[in-house]
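Q: build the 3D model from these lines:
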Amino acid sequence: MVMEDYFKNLRAKIGHQEIIMPGVAGILFDQTRSKVLLEKRADGETGWSLVGGMQNLGESAMTSLQREFKEETNLDVVVTSLIGVDSNFHHVFPNGDQAQIPMTLFEVSPIGGQLQPDLEETAAVEFVSLASHPKVYNPQHQLAIDQLIAQVPYGWYF
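A: Next comes the predicted model:
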């Protein structure tokens, strides 16, 4: 996880204690809408996840997601829909930092760039079938995928 200065400053004061860190994630479908883009993590987490990350101080959720897509996949995206919100997910990062991560999940469409992983946070990117996706390390992202598989209408929240 690349930690922004805002979170580094907080962590310097409170150590690994749990904090609230707003997160964003995006669903980018392939043209058939049967596959979604997943990324294989390269930043200490193990496994696959949706493209996303933490919302930085001074950014909107949409701007954060656009930045994360550019950094991790080299794609320029536009947010097209709010899919859902999960507000009570708790996570312990590999370094021991604890966080409650309210995640806002959006659907996005590509508008530029060429798909390639950054090899810092993201080892690989791949469109995968919703029906047979690889193991997702993050239960919050798995919840989002489960909602898509169940065809729950957009606007869900937990």
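
Q: so which helix or strand of this protein has the lowest pLDDT on average?
A: helix 5-14 (a mean of 90; mean pLDDT, DSSP states H and E).

Q: following that one, which helix or strand shows up next?
A: strand 19-20 (DSSP states H and E).

Q: for that next one, the distance to its chain's centre please.
A: 17 Å (C-alpha atoms, centre = their mean, to the nearest Å).

Q: and if you look at stretch 121-139?
A: The answer for stretch 121-139 is 11 Å, by C-alpha atoms, centre = their mean.

Q: equivalent analysis for stretch 104-115, please.
A: 12 Å.

Q: buried ones in it?
A: 104, 105, 106, 107, 108 (16 or more other C-beta atoms under 10 Å). Where C-beta positions appear, they are placed from N, C-alpha and C, glycine not excepted.

Q: for residue 152, what are its contacts?
A: residue 84 (C-beta atoms under 8 Å, 6 or more residues apart in numbering).

Q: for residue 155, same thing?
A: Counting by C-beta under 8 Å, 6+ apart, residue 155 has contacts 82, 83, 84.

Q: contact partners of the longest helix anywhere in the chain?
A: When the chain is parsed with DSSP state H, its longest helix is helix 61-73. Residues from elsewhere that reach helix 61-73 (C-beta under 8 Å, 6+ apart): 22, 24-26, 28, 37, 39, 51-56, 59, 75-79, 104, 106, 108, 113, 115-118, 121-122, 125.

Q: out of the residues you listed, which sit inside strands?
A: Among the contacts of helix 61-73, DSSP state E puts 24-26, 37, 39, 51-54, 75-79, 104, 106, 108, 113, 122, 125 in strands.

Q: contacts only, for residue 109.
A: 28, 77, 78, 80.

Q: narrow those to those that are buried.
A: Neighbour counting over the contacts of residue 109 (16+ other C-beta under 10 Å) leaves 28, 77 as the buried ones.
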